[in-house]
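# What follows is a predicted protein model with its sequence.
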Amino acid sequence: MRIIAGRFKGKKLATLKTDEIRPTSDRLRESIFNILASKFNNDFSHLRVLDLFAGTGALGIEAISRGAQSVVFVDDGVEARSLLRQNIENFAIAGEAKLLKRSAINLGKNEKFAPFNLIFLDPPYGKGLSEKALLCASENGWLEKTATIILEEKAGIDLELSSDFTVLEKRKYGGSEIYILQY
């Protein structure tokens, strides 16, 4: 897996050799960032990114590579945090990135960060974790009003989202569906 574009274009991400973490594929990440580039007129400089269920950090690092201000990675998995620390170090983004060891569905109150305007969610498929994580983030001050949310879920899963979230678009890619939401 490599970063698709920006200042880290072509640089490899540290990944697991097992299937315990399911990183977003290069092709799917490229599609997501094409959508975002169109939405933001290729200007990522105003974005504060919250990467929930961060795994390897591929989505957040791609955003930093394209000019996002900062990223906060959230993952409670031991392997994921190890990979995230390794990728933060390998990409020398410690000044732009923070890693939080907590569950994305139990974030607690946001007392440290400005609310985020771009959120990535790529939870384990089919467990209803997206809805729980979004509700927790919205109730605890993590989301800026009108934030853009990119949610990846298994194709065919019906999401039960709070009325605070509007589905702007839904696209199917193989066995996955990408939802573009607005808070």
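Alright, I've got the coordinates.
# If I look at the residue nearest in space to the middle of the chain, what pLDDT would I see?
When CA atoms, centre = their mean is applied to the chain, the residue found nearest the centroid is Phe120 (2.5 Å). Looking at Phe120, its pLDDT stands at 98.
# can you count the residues close to Phe8?
20 (other CB atoms under 10 Å). Just so you know, the C-beta spots here come from the backbone N, C-alpha and C atoms, and that holds for glycine as well.
# how much space between the closest residue in space to Asn140 that isn't next to it in sequence and Pro124?
Residue nearest to Asn140 in three dimensions, not counting chain neighbours: Lys109, with 5.0 Å by CB to CB, 6 or more residues apart in numbering. Noted for Lys109: a distance of 25 Å to Pro124, by CB to CB, to the nearest Å.
# Same check on Trp142?
Counting by CB to CB, the gap from Trp142 to Pro124 is 20 Å.
# More neighbours: those two, which one.
Each of Trp142 and Pro124 has its neighbours counted (other CB under 10 Å); Trp142 has more, 24 against 13.
# and Lys101, what does it touch?
By CB atoms under 8 Å, 6 or more residues apart in numbering, the contact list for Lys101 reads 75-76, 81.
# ok, 10 Å please
With contact taken as CB atoms under 10 Å, 6 or more residues apart in numbering, Lys101 is in contact with 73-78, 80-81, 84.
# before we move on, what about Ala155?
So Ala155 contacts 125, 170, 172-178 (CB under 10 Å, 6+ apart).
# Tell me which two of those residues sit farthest apart.
Pairwise distances across the contacts of Ala155 peak at 15.3 Å for Tyr125 and Lys170 (criterion: CB to CB).
# and the contacts of Ala155 as CSV, adding pLDDT, neighbour count and secondary structure?
Formatted as CSV, the contacts of Ala155 follow (pLDDT from 0 to 100; neighbours: other CB atoms under 10 Å; DSSP: H, G, I helix; E, B strand; the rest coil):
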residue, pLDDT, neighbour count, secondary structure
Tyr125, 89, 16, coil
Lys170, 95, 14, strand
Lys172, 94, 10, strand
Tyr173, 90, 15, strand
Gly174, 88, 9, coil
Gly175, 89, 9, coil
Ser176, 90, 18, strand
Glu177, 94, 18, strand
Ile178, 95, 20, strand
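# picking that back up, give the PyMOL command for selecting the buried subset of the contacts of Lys101.
Selection command for PyMOL covering only the buried members of the contacts of Lys101, criterion 16 or more other CB atoms under 10 Å:
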select buried, resi 73+74+75+77+80+81+84
